[in-house]
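J.: following is a predicted model, sequence given first.
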Amino acid sequence: MSLKIGHQKSVLENKNLFAVLVLSDPPSFCKAEDWYWNKIAGVPFLLRNILSIQQGGVKRLILFAGKNAPAIEKLCRRARNDSRVRLKLECVSGPENLVESVKADSGALFLDGSVLNSITGIEATLQSGLAGKNQGTSRVLSMDPENLESLVERIEDQGLLACLGKINFQDLRPPTEFSQDGALKVVFAEADENWRLAHPEDFDTVSDRLIKTSGLSNDSFMDRYFTRHVSRQLTRQIIKTPITPNQLTIVSLAVGLVAAGCFLFGGYGLSILGAGLLLLSACIDCCDGEIARLKFMESHFGKRLDIFCDNLVHVAVFFAIGMGLYGSTNKSLFILLGSLAVMGSLISFILLSPKIVNSKSQSSHFQLSVNREKDFVDQLANRDFTYFLFIMAMIGSLDIFIGLTAVGANALAGYLLYNKFKTAS
C-alpha cells in the first residue's frame, strides 16, 4: 500500500493537538521496564520525557508501546502516581487503537521516545505544528486514517526513526485520492540525535550533559564560570539523594548566617572564614535551583523562599561586617555604614523581588546555547559581590567594602524609588 502524504494547508486547524510518545524496543539484553525507568539526573528516562512534554504545553499524552505493551502499561501506571504528572496519560498498543485515538482529535504530535526530548523543542514543535508549518523542529503532514495506520504499523515494526528516514519531506504533494474532510494532521517532532539513548552508558553521558546545562540563562559572569563549576559537582552527588531544593535553600541560609556570625566577631582570620563560608552558601544556593530544574520540582514558593533567604543572608552579612568593624575599631561610623547597607538592600529587595522571581522563571528552561540578553534585574540579582568581599577580606579592607556597599545599595534604592514614583505619576 502506497503512503499518501500531503502538505498541511488542506488540513483544518486543530487546537486540541495531543502527543504520542513512540517507545521503541530497548537493547536486546534489557527489559523495557528497566530501560525506560533507568534514571537520568535523578528522574527515570520515561518520566523525564513525560514531564518535559507536559511542561512543553501538552495536556494529553499517549504512550505507544508496540510489542512492549504490558511492561509500558506498568510504567504508565507508575508515572500516573507521580505527583508531578498532571497531564492525561494513557498507554495504547496496536496501530488500529492508536489511529482511533488520533481520529478522535483529528491529529497528533508524534515524538520519539528513544530520545530525551527538551521542553523548548516541544514548545517550538507545537507552535509550528498548530500553524501548519514545516520548520527545523517539525514536519507537518496530512493523511487519511488508512495511511496513518499503515505508517504506524511500520513504526511498530521498525521504529519511528527508521520510518521517518524513508519519507522524503522535500517532495510532498497535496493529497488527491482521499477526502480532505477526513484528513488527519500528523506532526513529527525532529529528534536531536545528540540526546538519543541507545546504550547503557548513554544514561551517564546524558545525565552529565543535563547537569552541565542546568544553570540559568541570566547567570552572571562569576556564577557561570566559577560558582556553577563548584555547584555542579555538589549537584551530581545530591541529585542521587531524596534531599529537596527547599531543604538546600535552608542549608544555604544556615551557612550564610554562620558566615555573618564570623564577621560579627571580627578579626582577620574570622573575616576570611566568613567570606569563604559566604561563597559556599552561594554554591549551595546554586544547587537548589539546579536540583529543582533537573527534577521538575520548581515552584513559586520555592523561588520566593530562595530570594528571601538570599537577601536575609546579605542583610545579615552587611550588618555583621559593620558591627564587627565597630567592635575592633570602636568607631561608630561603621554602625552607620552597616545600617545604611542594610536599609538600601531591604528597600531594593522589596521593590525588585517580584521582578527577580519572574526573571528566574523566564530563564529556567534548559538550553544548549545561551544567548539571552541580560537585563537590569539580572545584573542586580547576581552574587558576584561575594567574590569581591572575599578579596577585600583577604587584604584586610572590609572597611572599604562596607563603605562602598552602603553608598551603592542606597544609590540603587534611590534610583528604584525614583523610577517607581515617576511611573506612578
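T.: Okay, I see it.

J.: now do the phi/psi pair for Asn117.
T.: According to degrees, to the nearest 10, the main-chain angles of Asn117 amount to phi -80, psi 140.

J.: doesn't Ile53 make contact with it?
T.: Yes - counting by C-beta atoms under 8 Å, Asn117 touches Ile53, with 6.5 Å between them. Where you see a C-beta, it was placed from the backbone N, CA and C, and this is true even at glycine.

J.: what touches both of those two?
T.: Common contacts of Asn117 and Ile53 (C-beta atoms under 8 Å, 6 or more residues apart in numbering): Leu111.

J.: against Gly274, how distant is Met343?
T.: Noted for Met343: a distance of 21 Å to Gly274, by C-beta to C-beta, to the nearest Å.

J.: which one's more surrounded, these two?
T.: For Met343 versus Gly274, the count of surrounding residues by other C-beta atoms under 10 Å is larger for Gly274: 29 against 16.

J.: let me know the secondary structure of the residue nearest to Gly344 when sequence neighbours are not counted.
T.: Here the nearest residue to Gly344 in space, its sequence neighbours aside, is Ala409; by C-beta to C-beta, 6 or more residues apart in numbering that works out to 2.8 Å. Following DSSP: H, G, I helix; E, B strand; the rest coil, the label given to Ala409 is helix.

J.: how about the contacts made by Ala409?
T.: By C-beta under 8 Å, 6+ apart, Ala409 lies in contact with Phe318, Leu340, Ala341, Met343, Gly344, Ser345, Ser348.

J.: go through the residues you listed and flag which are in helices.
T.: Among these, the residues falling in helices (DSSP state H) are Phe318, Leu340, Ala341, Met343, Gly344, Ser345, Ser348.

J.: how about the second one, what does it touch?
T.: What that stands for is Leu340. Leu340 sits next to Ala406, Ala409, Asn410 when contact means C-beta under 8 Å, 6+ apart.

J.: mind redoing it with 6 Å?
T.: Counting by C-beta atoms under 6 Å, 6 or more residues apart in numbering, Leu340 makes contact with Ala406, Asn410.

J.: and the gap between it and Phe334?
T.: For Leu340, the distance to Phe334 (C-beta to C-beta) stands at 11 Å.

J.: farthest residue from the center of this protein?
T.: Asn330 (49.1 Å; C-alpha atoms, centre = their mean).

J.: tell me the domain ranges of this structure?
T.: Using automatic domain parsing, the domain parsing of the chain gives 8-201, 213-424.

J.: okay, the residue farthest from the centre of the chain: pLDDT?
T.: Note for Asn330: predicted pLDDT of 94.

J.: and Cys286, which helix or strand is it part of?
T.: helix 268-294 (DSSP states H and E).

J.: now that helix: buried residues?
T.: For helix 268-294, a neighbour-count test (16 or more other C-beta atoms under 10 Å) marks 270-271, 273-294 as buried.

J.: same question for stretch 84-91.
T.: Val85, Leu87, Leu89, Cys91.

J.: would you map the strands across the protein?
T.: Assigned strands in the chain, in chain order: 18-22, 39-40, 43-44, 60-64, 88-92, 107-112, 138-143, 184-189 (criterion: DSSP state E).

J.: the ones you listed into TSV, with extra columns for distance to Glu33 and mean pLDDT?
T.: Compiled in TSV, these are given as follows (distance: least, C-beta to C-beta, whole Å; pLDDT from 0 to 100):
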stretch	distance to Glu33	mean pLDDT
strand 18-22	16	91
strand 39-40	13	96
strand 43-44	10	97
strand 60-64	13	94
strand 88-92	13	93
strand 107-112	19	89
strand 138-143	30	75
strand 184-189	25	83
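
J.: let me know which of those is tucked in deepest.
T.: Compared across the strands of the chain, strand 107-112 shows the largest average neighbour count, a mean of 26 (mean count of other C-beta atoms under 10 Å).

J.: pull up the pairing partners for that strand, direction included.
T.: According to DSSP bridges, strand 107-112 has the following sheet partners: strand 18-22 (parallel), strand 184-189 (parallel).

J.: so which of those strands gets nearest Val99?
T.: The closest of these to Val99 is strand 184-189. By C-beta to C-beta, the value is 8.4 Å.

J.: by mean pLDDT, flag the weakest helix or strand of this structure.
T.: Of the helices and strands making up the chain, the lowest-confidence element is helix 376-380, at a mean of 49, by mean pLDDT, DSSP states H and E.

J.: of all the strands of the chain, which lies closest to Thr249?
T.: In terms of C-beta to C-beta, the element of the strands of the chain nearest to Thr249 is strand 43-44, at 20.0 Å.

J.: what is the closest one packed up against?
T.: Using 3 or more C-beta pairs under 6 Å, 6 or more residues apart in numbering; DSSP states H and E as the contact criterion, no secondary-structure element is in contact with strand 43-44.

J.: number the residues from 27 up from this point.
T.: Will do, 27 is the new start, and the previous item becomes strand 69-70.

J.: parallel or antiparallel, list what pairs with it.
T.: Counting by DSSP bridges, the strands paired with strand 69-70 are strand 65-66 (antiparallel).

J.: what lies in contact with the partner strand?
T.: Arg74, Phe229, Val232, Ser233.
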